[in-house]
Structures are given as structure tokens and as C-alpha cells.
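Trainee: For reference, the sequence and a predicted model appear below.
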Amino acid sequence: MEDSTKYQRYQRQTVLKEFGTEGQDKLFQAKVLVVGAGGLGCPALQYLSAAGVGTIGIIDFDVIELTNLQRQTLYSVEDLGKPKAATAAGKLKSFNPDILFPVYNVKLETKNALEIIDEYDVIIDGSDNFATRYLVNDACVLLNKPLVYGAVLRFEGQVGVFNLTDQETGCMTNYRDFFPQPPLPSSVPSCNEAGVLGVLPGIIGTMQATEAIKVITGIGKPLCNKIVSYNLLNNLFYEFSISPAKEVNVNIPKTKLAFLNFNYEWFCGAIDEPLEISPEEFDKLRLKEKINIIDVREIDELPVVVEFLFTQIPLGSFEEAIAEISIDNRIVIFCQTGKRSLAAVKMLTEKFPACMAYSLQGGVEAWKKHCNKSLHSATIKS
Amino acid sequence: MGINVLLFGQVADITGKDILKIPVVKNTNELNQLLEKTYPALKSIKYSIAVNKKVIQENTALHNEDTVAILPPFSGG
């Protein structure tokens, strides 16, 4: 584009001396990912593309429904049933054809999150569930990306910026410093159940776009380590600060591998994984991936297991040793019959709600039987 | 005299109030106990606490005229 026309469209903001053409150039260069093209995503996308952010990624796997139209202002009745991400990109492209809109019509999961998020400078969380919120947060911590958080329910919303170092204090916080553990799924109503006044995500999503623009251009003070809560009924804005919590970071996956192995839906209680694993499943699991196996029997108990490597921590001393256990991989705990190991799994998941630990069903006795049976059937077949 | 307790989201729904004035208690653990005794439904939900606009993770001493915010998480988007 010709230099003379390049800035024309943005004259009302380049004329701001704090912003200028330098600010505009930073926006042209910037890449922002908007997670969720719903109530928060729509207004954020509209203002980011109007402002001239060069690349705006849109990730959403949902389709447009009639009940979305009350707040998701990019969509119209003709769009019902169409995918949100592609539809949003189409509309936005007509508003501002100079912008690139990569579309991800997929669910954000551990297997695709790092690759997608790594492409962007700033991430906007407009998701509608805790599993995605913790997943996006942890991926941003791992990749060191600023995350603009926003959430709404009924008449109240929150906005804040995570993973951005406060220039004055040198501090950086993330979502887990605010909410270390996800709530029980049954205890928090969703917008479907509890409702949301349509204008609310419009306000909060627009504030998220504002914070993203501040982070990119360096104007003003972003809501770094801070959350603003807004209640539209009484016009109450309440700002509070967050500091890094020591305990919290125990649960954040420290490596890409640990992130890949972290089951966010399970962590957030969206699905109930069984605490027990059958001998068949156990054999499949240990051949498929690196797992930590723990024997909670006493040192001299029989039978001796030589078929795989394990750590021995008798149940009596399990509680003392618990802090030393690595939860980066899945954990299988066994004993003689599966009773002590189930108790150990319960202790472990209480200490580390994020760990994926299973008790070997029926213990080593059942596993040995299973091995003999498979060996026997293998002999017959041959 | 007392502590101002600001209630947000679901906590405000449960208590039917968005602000409470309570007598001074020693610390946030005592405040939790008092709130959960008065409103047993609070026991079943998780919330974060901010004392004088700072989110805390550990039991924190409270003083006369402190303001405590009770902040339940919500995830709507």
C-alpha cells in the first residue's frame, strides 16, 4: 500500500500524540489471537480489526445459534448454523481488507495449542469454560505470551492482563495466581443457565481489545497483575491486584511434554476419569507412553516385579514422600490387591488435583494373572 | 467499627447482598468460617479473597475498617 494512504484510515488515532504513526506501525506489525468468537470475541475482533492490527487469528469450533445473536454482534440470522470463526473472518475482512485473518475452525486442545499460540504476540481469552481458560493460561505461561483475560456472567464482568511483567515491580502473574484451582463444575453456572445481559460482553470484550492495543503500542498502563471487575447494575468498577502465589505454580506444566499430557477437561472436572486402571489398560499405557509407576507395598512383599521399572514407597511413608513425586507424566500406583494403591491415588490427587494417577485394579495379583493368561493365549495361537 | 465485605457474582446471589458489614474478626480464616456458618451454601463453592484490594492465598490478619472482597470465578464468554 502507498505510504500516503496507509495511515489515512487511522488518522483519528495517529493524530493522538501518544499514539502517532509509531503506534499505528506497531499495530500493523502485531499478531493477536482471539480465543472464542462469541460474546467477548465479537467486540474484541471488531475493534482490533478497525484499529488495524495486522494479523488477527480467530479460533472457535462452534456454529452460530439463534441464542447467540443477542450479544454476538458480528452474526446475523442468515449465518445460523455456519461456523463462527470463518463467518467472523468473512465479515471482518469486508470491514478491513488489509488485515490477515487466519481461521482455526477447531477446538483448542493441548495437541494444537502451543503451535497455534506460538504464532501470536498477544492472546485474548474470550472462551466460555474453565478447561479452555486454564489451558490458554498455561500455554501462555509456557510460551511467555501476554494474555488478556475477560469473563462475564449475568451482570458482572472481569478483565485483566496476565503474563506481562509490571515495569515498576518486575512482577508477573497468571490466571492461577487469581484462581489456583478450578471450581467444581456443578458449582458454577454458565451463561446458558445463569444468563448474561447482551451488552455486558460488549463492554468487557471491548476492554480486552483496549488492553491488547495498550500492550502492543505501549501507551498507558495495561491492567498488568490487576483485575477490574465491573457490575453494570450499580456501575461499580472494582480494581484489585494479584501477586505471584508460590503454591500455584506447582500445578502448571513446566515443559511442553508435561503440557501435552495434562488433561484440562479432567482437571476442571468436565469429565470423570476413573481412578482405577485395568491390567490390560495398564499394559497398553506403559507401552504407549512414559509413565511413573509406584509400588506402595512393603519392601519385602511378594511377588517380586521385574517386568517394568517402578519406585517403591510403602503406603505408611507415602504421605511424607508425596511432595517428591513427579506428576509430569501419568502415574500408576500398585499394591498386592488394589486397595492400598487406591488409597495412595486418593492422597495424591488431593495433594495435586492436576495429576493423572490411577490405581492398578486388583493389584499385582490381577496383573500377574492377566500376564499368564495373555502368555497362554499367545502360546495357543502360535 | 467492623469489616466491610464486598460480595461478587454467585456469592452475592447466595447471600442476596453485595455488601456486608461484619464485626472485626482476627483473620480471613475466621471470616470464611463466619460467612459459611451464616450462608452454608458458600461451603460448596470456591472463591478467591482480596484484602484491601490485594488477592491473598494464605490466611491474612484483618483489622478494623479493612475491606474484603469475596470473588468467585466465572467463565462465561
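Mentor: Cool, the structure landed. Numbers count the residues shown, from 1 in each chain, chains lettered A, B, ... in the order given.

Trainee: Could you list the buried residues of the helix or strand hosting residue A:209?
Mentor: If you go by DSSP states H and E, residue A:209 is part of helix A:199-217. Going by neighbour count (16 or more other C-beta atoms under 10 Å in any protein chain shown), the buried part of helix A:199-217 is A:200-217. C-beta: built from backbone N, CA, C; applies to glycine.

Trainee: chain center to the lowest-mean-pLDDT helix or strand in chain B: distance?
Mentor: Lowest mean confidence among the helices and strands of chain B (mean pLDDT, DSSP states H and E): helix B:9-15, at a mean of 91. Here the centre of helix B:9-15 is set off from its chain's centre by 11 Å, with C-alpha atoms, centre = their mean, to the nearest Å.

Trainee: Can you tell me which helices and strands that helix packs against?
Mentor: strand B:67-71 (3 or more C-beta pairs under 8 Å, 6 or more residues apart in numbering or on different chains; DSSP states H and E).

Trainee: For the strand it packs on, what is the distance to the chain centroid?
Mentor: For strand B:67-71 - counting by C-alpha atoms, centre = their mean - the centre lies 5 Å from the chain centre.

Trainee: same deal with stretch A:177-184?
Mentor: Computed by C-alpha atoms, centre = their mean, the chain-centroid distance of stretch A:177-184 equals 12 Å.

Trainee: Say whether chain B is contacted by that stretch.
Mentor: Yes: contact of stretch A:177-184 with chain B (C-beta under 8 Å from any C-beta of the partner chain) involves A:177, A:178, A:179, A:180, A:181, A:182, A:183, A:184.

Trainee: Among those residues, name the ones in strands.
Mentor: Among those, DSSP state E puts none in strands.

Trainee: which of those count as buried?
Mentor: Buried, going by 16+ other C-beta under 10 Å: A:177, A:178, A:179, A:180, A:181, A:182, A:183, out of the residues of stretch A:177-184 next to chain B.

Trainee: Give the burial count for residue 59, as a bare number.
Mentor: Using chain A. For residue A:59, the neighbour count with other C-beta atoms under 10 Å in any protein chain shown is 28.

Trainee: To clarify, I was referring to chain B.
Mentor: Residue B:59: 14 neighbours (other C-beta under 10 Å).

Trainee: how near is the closest residue to it other than its chain neighbours to chain A?
Mentor: The shortest distance from residue B:59 to any non-neighbouring residue, by C-beta to C-beta, 6 or more residues apart in numbering or on different chains, is to residue B:29 (4.6 Å). Distance from residue B:29 to chain A, counting by C-beta to the nearest C-beta, to the nearest Å: 16 Å.

Trainee: Disregarding residues adjacent in the polypeptide, which is nearest to the residue nearest to the spatial centre of chain A?
Mentor: Nearest to the geometric centre of chain A sits residue A:135, at 1.5 Å (C-alpha atoms, centre = their mean). Nearest non-adjacent residue to residue A:135, counting by C-beta to C-beta, 6+ apart: residue A:264, 4.5 Å away.

Trainee: ok, that neighbour to residue A:139 distance?
Mentor: Between residue A:264 and residue A:139 the computed distance is 10 Å (C-beta to C-beta, to the nearest Å).

Trainee: ok, the closest residue to residue A:20 other than its chain neighbours - contacts?
Mentor: Leaving aside its sequence neighbours, residue A:20 sits nearest to residue A:14 (C-beta to C-beta, 6+ apart; 5.8 Å). By C-beta atoms under 8 Å, 6 or more residues apart in numbering or on different chains, residue A:14 lies in contact with A:7, A:20, A:21, A:23, A:24.

Trainee: One more pass at 7 Å, please.
Mentor: Shown in contact with residue A:14 (C-beta atoms under 7 Å, 6 or more residues apart in numbering or on different chains): A:7, A:20, A:21, A:24.

Trainee: I'd guessed residue A:149 sits against residue A:160; true?
Mentor: Yes: contact status for residue A:149 versus residue A:160: in contact at 4.8 Å, counting by C-beta atoms under 7 Å.

Trainee: Where does confidence bottom out across the residues of stretch A:177-184 next to chain B?
Mentor: Across these, the smallest pLDDT goes to residue A:184, namely 72.

Trainee: Let me know the secondary structure of the nearest residue to it once chain neighbours are set aside.
Mentor: Sequence neighbours aside, residue A:269 is the residue nearest to residue A:184 in space, at 5.9 Å (criterion: C-beta to C-beta, 6+ apart). Under DSSP: H, G, I helix; E, B strand; the rest coil, the three-state class of residue A:269 is coil.

Trainee: Disregarding residues adjacent in the polypeptide, which is nearest to residue 66?
Mentor: Going with chain A. Nearest non-adjacent residue to residue A:66 (C-beta to C-beta, 6+ apart): residue A:80, at 6.1 Å.

Trainee: that's the wrong chain, I wanted chain B
Mentor: residue B:3 (5.3 Å).

Trainee: what's the distance between that neighbour and chain A?
Mentor: Distance of residue B:3 to chain A, given as C-beta to the nearest C-beta: 16 Å.

Trainee: quick one: pLDDT of that residue?
Mentor: So, for residue B:3, pLDDT stands at 96.

Trainee: Tell me the bridge partners for it.
Mentor: residue B:22 (DSSP bridges).

Trainee: Would you agree it is in contact with residue B:63?
Mentor: No: using C-beta under 7 Å, residue B:3 is not in contact with residue B:63, being 8.3 Å away.

Trainee: Check what contacts stretch A:343-351 and list those residues.
Mentor: By C-beta under 7 Å, 6+ apart, stretch A:343-351 touches A:275, A:296, A:315, A:318-319, A:322, A:325, A:331, A:333, A:355, A:357-359.

Trainee: Among the residues you listed, find me the one that's closest to chain B.
Mentor: Set against chain B, the nearest of the contacts of stretch A:343-351 by C-beta to the nearest C-beta is residue A:355 (18.7 Å).

Trainee: Got the phi and psi for residue A:122?
Mentor: The phi and psi values for residue A:122, taken as degrees, to the nearest 10, are phi -140, psi 140.

Trainee: what's the spacing between it and residue A:163?
Mentor: 10 Å.

Trainee: Spit out the residues that contact those two alike.
Mentor: With C-beta under 7 Å, 6+ apart as the test, residue A:122 and residue A:163 both reach A:145, A:146.

Trainee: in chain B, which spans are helices?
Mentor: Using DSSP state H, the helices of chain B run over B:9-15, B:28-38.

Trainee: tell me the mean pLDDT over the last one?
Mentor: The predicted model assigns helix B:28-38 a mean pLDDT of 95.

Trainee: Does residue A:292 touch residue A:326 like I think?
Mentor: Yes: under the criterion of C-beta under 7 Å, residue A:292 makes contact with residue A:326 at 6.2 Å.

Trainee: Point out the residues in chain B that sit beside chain A.
Mentor: B:6, B:8-10, B:44-46, B:48, B:50, B:53-55, B:57, B:69, B:73-77 (C-beta under 7 Å from any C-beta of the partner chain).

Trainee: Drop anything exposed from those.
Mentor: B:6, B:8-10, B:45-46, B:48, B:50, B:55, B:57, B:69, B:73-77.

Trainee: so which of those residues comes closest to residue A:342?
Mentor: Proximity of these to residue A:342 (C-beta to C-beta) peaks at residue B:46, which lies at 25.6 Å.
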